[in-house]
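Q: let's see this in three dimensions:
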Amino acid sequence: MSFYTSLTGLNAATAQLGVTSNNIANVGTTGFKRSRADFGDIFSTSPLQKSSSNIGQGVSLKQVSQEFSQGNVSTSGNSLDLAITGDGFFPLRSPDGLQEVYTRNGSFMLNDQNNVVNSAGQRLLSAAVDSSGKADLSKLSVLNIPPKTSGMAKETTKIQLGLNLPADSTVITAEFDRTNPATYNKSTALTVYDSGGNGYLATVYYVKTQGASPSMPQSKWQTYVYVGNSKVTPSLMQATDKNGQQLYVNKYGDIKPESAVQDELVTGKTMMFSLNQLTDQRVSQPANLHGEEVTVLTADMTPTPADVNLGKISLGGAASSTGTAKFKLSVDGSADVDIQLDETTAKTPEEIAARLANAINKAFGDDALVTPADPTATPPVVGKDDRRYGIDVKYDTAAKQFIIYSGTTGDTSSIKLTVDDTDPAATQLGLISTETPASTIDAVRGKPSAPAVLNGNAITVNTSGSVSINDLNNKFSITVNGVKGTITLPAPNNTGTITDLAQTLQTEINKLEDPNTGKPIRGVTVNFDAPNNRLVFSTGNTGDSASIKVTGSADWGLSNSETARGSTSNWYSMHQFTETADGLQKPQFIDENGKQTALRDGFNTLPSWSPIYLDRGELSFDLSGKTLSPRSNMLFDTAFLEGGKGALTMQIDFTQSTQYSSPFAVLSQSQDGAPEGDLMGLDIGVDGLVSANYSNGSQQSLGKIVLANFSSPTGLRQVGDASYLASATSGKPKIGEGGSAGFGGIRAGATERANVDLTKELVDLITAQRNFQANAKAIETSSTMTQAIVNIRS
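A: The predicted structure is shown next:
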């Protein structure tokens, strides 16, 4: 038996030697896992034998298993080389597509079908991903990496051009001709793409058409765009503000964003207005009436005519004597108010005008000083809503007539004069029944002007209850429209509130008159501004001629007050946009669909607010060199390419452009179109996500390389090429993403080396050799002993 026992030892040593030799031979095989020979002793017994005296019968090879410990990771220059750091196997499909095998060998390449394969032709499997990179692990497919995009070409829809156009460029007046460089200042070019990815050269020409001036503080450039030889026409663009809101204009040239006027917008045809034509600025005027030629004075109307006595007259009331100039006047829509000129002996027509103005303002103002000629008559009272202020009368020396002006400016102002033709005094003054009505449709006189508003400083006394008026704070100096006066309030007085004080001041101010000319102060309002704890004074008249100054005690915040002045409003006369057609300038309209047309049909009246447009293809810059318009992308009509190759609908963003004194420069240039792209590189993440980068700038997620793991990897069955098949012992594969629980990470551009330790293998080799020699010696000894027995018998 010892002979056969030793023979099993020889076989075991030979098996160990073979396993060790295989490990040493595959030390350079990528992803190779060293094998290990597992042995077991042979021992047989029977029920009739004494177990303590049984001798073993040798050794047998139980199995050759793999050790799936981590091998060293080495980098490579191939982005398709993959290494697993941790547990897992790459799932592969056999070349015939009938089997799925598993490997740790991550050396991959592309075959002629652009599939990712290893050197044995086995194809790498991956999972499809959605736009967020989430993998569908339920169905795996062969990873394919196309070398060129398909259907990824993108039509150019937006161009971004950030330029600096030199501020000192020459204004060119010659007609533009792209073949003549003398007709344009600068040009830029870039490639744009149609929907099929075909490229075309787009050229933009820049022509300076206007330099900045005091009257027109902006510079203008006209752009011309060509794609190939096809001219691209700029679209009609409504002007916008810096927030992108569309702008609208009224008949006075006031411009407001859509959010401010949306309740007043109507749908219908309107005149077309251009922002660039908003240049005819005018000063708002009051309504005025011109009388006829004055006959009561000398023919030459010299500054010192003969004295004129109009007889005993009064402001109104029951009694007047022959010669009184009487008439009725309605101002700014008020009720008719009786006007009678005071008894006077005038030296000049200008004095008559001044006295006539005083009479009118007294009649229309507060009734505090209006007294009838007959003490028994009822004083005339002008209703609060009919009071008017700042009415003026001038004498036109050249026309020899008096002119009456409303105290307010704009188209809402109006004057109506009614005179009894039998009144000789009024007739001699040239006063006749006539009317200048308000303008409700057309812009004629402009807008209302602003009064003078004086804001006092903060009041220093307590205003929560009664305020104290004493000898130190009861004096006020007043100047309104050149009329000066002083107000002294009764003191001491501790019964009124600050609001009472304001009302008292208002009443007393409106009683003042110029002692020399009789010019009255009327219409001044005084209010208490509680949030700011101050008094506010406003004139009744408006415009540049309105002024007010009130000084008083610091208790009332009036110790350092300055003269406040009104302002006369300006407005723009709107001119309808025209275009040349058949040699004629034709007015343009905007229909209810926002389209430009030369047809007037359907236009009735100008709405309160109309859209205002930019000139097609124009750039404008302010004095600082910043872009004024357009504030959004410049739009273009659809351009049809030559030869029926397709069409482009583009817009150009010039908002980052400037006009500085530095030379012409392209600061930024881009477009959103793209051709089909060639594969430029791959990015493979630690989770296995494969992203392909293409020359057109696009990036595609092609799939996610997944890993397979087994409950017992040592049960896998080797099939060569460092590949394995699943078996009943290994269990079914579990598919998961790299880096997730139970799966290692994936490292691109690297491979896993064999986990063979040469030192250990050499030791195992020596051990197998010694085992073989020992078993051979045992056989030799057994043979010697057998020979000795044979010799004894002989």
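
Q: helix or strand with the lowest mean pLDDT in this structure?
A: Ranked by mean pLDDT, DSSP states H and E, the helix or strand of the chain with the weakest confidence is strand 308-309, at a mean of 41.

Q: which elements pack onto the following helix or strand past that one?
A: Next along the chain after strand 308-309, taking DSSP states H and E as the criterion, comes strand 326-331. Here strand 326-331 touches strand 337-340, helix 349-364, strand 401-409, strand 415-418, helix 424-428, going by 3 or more C-beta pairs under 8 Å, 6 or more residues apart in numbering; DSSP states H and E. Any C-beta I mention is one placed from the backbone N, CA and C, and that applies to glycine too.

Q: now the weakest link among the ones you listed, please, by mean pLDDT.
A: Mean pLDDT per stretch puts helix 424-428 lowest among these, at a mean of 76.

Q: can you name the next helix or strand after that helix?
A: Next helix or strand after helix 424-428 toward the C-terminus (DSSP H and E): strand 434-436.

Q: show me what that following strand pairs with in its sheet, parallel or antiparallel.
A: Here strand 434-436 is paired, per DSSP bridges, with strand 415-418 (antiparallel).

Q: near Pro675, how many other residues are there?
A: Number of residues near Pro675 (other C-beta atoms under 10 Å) recorded here: 20.

Q: pLDDT weak spots in the protein?
A: Filtered on pLDDT under 70, the chain yields the residue ranges 1, 44-54, 295-323, 342-347, 366-381, 793-794.

Q: out of the helices and strands packed on strand 326-331, which is closest to Ser213?
A: Minimum separation from Ser213 across those (C-beta to C-beta) falls at strand 401-409, 28.0 Å.

Q: parallel or antiparallel, which strands does the closest one pair with?
A: Applying DSSP bridges, one finds strand 401-409 paired with strand 286-290 (antiparallel), strand 392-396 (antiparallel).

Q: so what's the gap between that strand and the chain middle?
A: 49 Å (C-alpha atoms, centre = their mean, to the nearest Å).

Q: just stretch 685-700 next, same as before
A: How far stretch 685-700 lies from its chain's middle: 31 Å, per C-alpha atoms, centre = their mean.

Q: which outside residues touch it?
A: Here stretch 685-700 makes contact (C-beta atoms under 8 Å, 6 or more residues apart in numbering) with 126, 129, 133, 143, 145-146, 148-149, 152-153, 197, 674-684, 701-707, 737-740, 745-748.

Q: any buried residues in it, and which?
A: Gly685, Asp687, Gly688, Leu689, Val690, Ser691, Ala692, Tyr694, Asn696, Gln700 (16 or more other C-beta atoms under 10 Å).

Q: show me where the stretch 1-150 of the chain has helices.
A: For the stretch 1-150 of the chain, the helices defined by DSSP state H, counting those that start in this stretch occupy 2-25.

Q: nearest to Ser629, of the strands paired with strand 401-409?
A: Closest approach to Ser629 among the strands paired with strand 401-409 (C-beta to C-beta): strand 286-290, 34.7 Å.

Q: would you tell me which helix is longest in the protein?
A: As assigned by DSSP state H, the longest helix anywhere in the chain is helix 758-793.

Q: now it and helix 2-25, what's the angle there?
A: Helix 758-793 runs at 160 degrees relative to helix 2-25, counting by axes from the mean of the first three to the mean of the last three C-alpha atoms, to 10 degrees.

Q: just checking: what are the partner strands of the one helix or strand Tyr205 maps to?
A: Under the criterion of DSSP H and E, Tyr205 resides in strand 199-210. Sheet pairing of strand 199-210 (DSSP bridges) gives strand 186-193 (antiparallel), strand 219-227 (antiparallel).

Q: which of these sits most buried?
A: Ranked by mean neighbour count under mean count of other C-beta atoms under 10 Å, the strands paired with strand 199-210 are led by strand 219-227, which reaches a mean of 21.

Q: quick revisit: which members of the buried residues of stretch 685-700 are the farthest-apart pair?
A: Asp687 and Asn696 (26.0 Å).

Q: now do the same end-to-end measure for stretch 526-542.
A: 16 Å (C-alpha to C-alpha, to the nearest Å).

Q: tell me which residues in it are buried?
A: Within stretch 526-542, the residues that count as buried by 16+ other C-beta under 10 Å are Val526, Phe528, Arg534, Leu535, Val536, Phe537, Ser538, Thr539, Gly540, Asn541, Thr542.

Q: and that stretch, how far from the chain's centre?
A: Centroid displacement of stretch 526-542 relative to its chain, using C-alpha atoms, centre = their mean, is 40 Å.

Q: number the residues from 595 up from this point.
A: With 595 as the first residue, the last one maps to stretch 1120-1136.

Q: out of the buried residues of stretch 1279-1294, which comes closest to Glu852?
A: Asn1290 (38.9 Å).

Q: setting aside sequence neighbours, what's the nearest residue to that closest one?
A: Distance criterion C-beta to C-beta, 6 or more residues apart in numbering; nearest residue to Asn1290, sequence neighbours excluded, is Gly1271 at 3.2 Å.

Q: same deal with Val786?
A: Nearest to Val786 is Thr750, by C-beta to C-beta, 6+ apart, at 3.9 Å.

Q: next: Ser600.
A: The spatially closest residue to Ser600, leaving aside those adjacent along the chain, is Ala1372, at 3.8 Å (C-beta to C-beta, 6+ apart).

Q: list the contacts of the one you found.
A: Residues in contact with Ala1372 (C-beta under 8 Å, 6+ apart) are Ser596, Thr599, Ser600, Gly603.

Q: what do you get if the cut-off is 10 Å, keeping everything else the same?
A: With contacts defined as C-beta atoms under 10 Å, 6 or more residues apart in numbering, Ala1372 is in contact with Ser596, Phe597, Thr599, Ser600, Leu601, Gly603, Leu604.

Q: who touches the nearest residue to Tyr800 once chain neighbours are set aside in this structure?
A: In space, and not counting its chain neighbours, Tyr800 is closest to Lys780: 4.7 Å by C-beta to C-beta, 6+ apart. By C-beta under 10 Å, 6+ apart, the contact set of Lys780 is 757, 759-760, 763, 798-802, 815, 1258-1260.

Q: any idea which of these is closest to Val621?
A: Val1260 (59.8 Å).

Q: dihedrals phi and psi, that closest one?
A: When read as degrees, to the nearest 10, the backbone of Val1260 gives phi -90, psi 110.

Q: just give me the neighbour total for the spatially closest residue to Thr785 that is not a sequence neighbour.
A: Excluding the flanking residues, the one nearest Thr785 by C-beta to C-beta, 6+ apart is Gly793, at 4.7 Å. Other residues near Gly793 number 14, with proximity taken as other C-beta under 10 Å.

Q: what of Arg698?
A: Neighbourhood size, Arg698 [other C-beta under 10 Å]: 26.

Q: same question for the one 5 residues further on.
A: The criterion is other C-beta under 10 Å. On that basis, Met703 has 12 neighbouring residues.

Q: so who does it touch?
A: If you count contacts by C-beta under 10 Å, 6+ apart, then Met703 has Asn672, Leu674, Asp675, Asn709, Val710, Val711, Asn712, Ser713 around it.

Q: isn't Ser1262 up against Gln1250?
A: Yes. In this structure, Ser1262 is within contact of Gln1250 by C-beta atoms under 10 Å, at 6.2 Å.

Q: who touches both of those two?
A: Common contacts of Ser1262 and Gln1250 (C-beta under 10 Å, 6+ apart): Gln754, Leu755, Gly756, Leu757.

Q: for Phe1197, see how far away Val922 is.
A: Heads up, residue 922 is Lys, not Val. Using C-beta to C-beta, to the nearest Å, Lys922 is found at 40 Å from Phe1197.
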